[in-house]
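# Need coordinates for the below:
(chains A, B, C and D)
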Protein chains: 2
Amino acid sequence: MRASWRRLEAIELPVVNQAPHRSTVLVVHLARRLRVESEAAIAHLGMRSRHLVALTVLRDQHGSTQQALATTLGVDRTNLVGLLNELEAEGLIARRRSAEDRRRHIVELTPKGGRRLAKAEYALAAVEDRVLAALDSGQRETLYALLHLATSESPSACMAADADDAGDC
Amino acid sequence: MRASWRRLEAIELPVVNQAPHRSTVLVVHLARRLRVESEAAIAHLGMRSRHLVALTVLRDQHGSTQQALATTLGVDRTNLVGLLNELEAEGLIARRRSAEDRRRHIVELTPKGGRRLAKAEYALAAVEDRVLAALDSGQRETLYALLHLATSESPSACMAADADDAGDC
DNA sequence: AATGATCGTTTGTGTTGTACAACTCATTTG
DNA sequence: CAAATGAGTTGTACAACACAAACGATCATT
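Residues are numbered from 1 along each chain as shown, chains lettered A, B, ... in the order given. Below is the predicted model of the structure:
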């Protein structure tokens, strides 16, 4: 009975077919540790981790609408308003009306926001040295590259931009 | 002055020395997305993500004391009690008293707990296919390996075990 | 021009996760 | 014996967040 199983699977998975590991739990676990420690590390900048996540997303995908930002961040759009208000009050982001659809707000990272984000990331060095102590610098870069790839893959990339360059979705 | 700096650093960082990227924000971001979706995926098992994290940690480092578990998970030890109660009520973990120090509880993953954890991870396949869609299977394994390495590095490994094999810490 | 839908916003309510403190009990240690 | 420690219990407080209902401004359709 094992022979037939192997024949069936060998077509698509030629050599080895181990049960793939699930990263979900480890990501959640690691995120908790990182978040707890990073909150303390960036408190002197008047920011929390959720601010950093928003700024980071904005740095990657420039000029998202609030709706797209809400889905990317996975937060309710009503709660996003308050978060953006805090960031805008400090001049870290800017809201401008979309030219195509004047109902929409295009959220952009300001230069000051970029500098603040860089500052925060600098402050996170000590945290990662502690939490990611088991990884050398090369492994950390690999980790970053994979995470960046996974997160930058916007689930609805076509509706993220101002839609002037987004073709048919 | 830069020459002396280069001489000093060249020993350990020979060629390039770019500013390393910080993974913290990306981990937090990705964890949020994974957690939200995984909660729905494992609800039918009567579990939440925090249960899975606890079981996963227990699968890796067998026989932690509750105190060590609390620091590893980064939760308050008073809140850990309730979490372990829920897991123990379903027979997924077992508490036994330490022989060396009868105040301590050694928490262990039961066979049933291991099976439940495996079931949950199986249910997470669909979630990761959605959230980690940008990563192929090889990249996901690499991600898992890095995360496992980072999380298994227990910050206080010496006090994690039953202390019969832990030497001088 | 009228109608309905959409985007951002405000307000309010409710739930959840978690920290924190204070205390008890059992046990170890000095 | 006294002090310290591990686990458990209880209660309080707060922050994050979802969710609903409504509003004004703006599109899109007819």
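
# The longest helix anywhere in chain A packs against which elements?
In chain A, with assignment by DSSP state H, the single longest helix is helix A:24-42. For helix A:24-42, the packing partners by 3 or more C-beta pairs under 8 Å, 6 or more residues apart in numbering or on different chains; DSSP states H and E come out as helix A:49-60, helix A:111-123, helix A:125-131, helix B:24-42, helix B:49-60, helix B:137-152. Any C-beta I mention is one placed from the backbone N, CA and C, and that applies to glycine too.

# Test my guess that residue A:83 contacts residue A:50.
Yes. Between residue A:83 and residue A:50 there is a contact at 6.5 Å, judged by C-beta atoms under 8 Å.

# Report whether the longest helix of chain A contacts DNA strand C.
Yes. Contact of helix A:24-42 with DNA strand C (C-beta under 7 Å from any atom of the strand) involves A:32, A:36.

# Look at the residue nearest to residue A:80 when sequence neighbours are not counted and give its secondary structure.
Once flanking residues are discounted, residue A:80 sits nearest to residue A:70: 4.7 Å by C-beta to C-beta, 6 or more residues apart in numbering or on different chains. Following DSSP: H, G, I helix; E, B strand; the rest coil, residue A:70 is assigned to helix.

# same check, this time on residue A:133
When classified by three-state DSSP, residue A:133 comes out as coil.

# does DNA strand C sit close to stretch A:80-89?
Yes. Contact of stretch A:80-89 with DNA strand C (C-beta under 7 Å from any atom of the strand) involves A:81, A:84, A:85.

# Please work out how many residues are found near residue A:147.
For residue A:147, the neighbour count with other C-beta atoms under 10 Å in any protein chain shown is 23.

# How many neighbouring residues does the residue nearest to it when sequence neighbours are not counted have?
The spatially closest residue to residue A:147, leaving aside those adjacent along the chain, is residue B:26, at 3.8 Å (C-beta to C-beta, 6+ apart). Applying the criterion other C-beta under 10 Å, we find 26 residues in the vicinity of residue B:26.

# how near is residue B:26 to residue A:52?
From residue B:26 across to residue A:52, the span is 10 Å (C-beta to C-beta, to the nearest Å).

# for residue A:66, what are its contacts?
Neighbour list for residue A:66: A:77, A:80, A:81, A:84, A:104, A:105, A:107 [criterion: C-beta atoms under 8 Å, 6 or more residues apart in numbering or on different chains].
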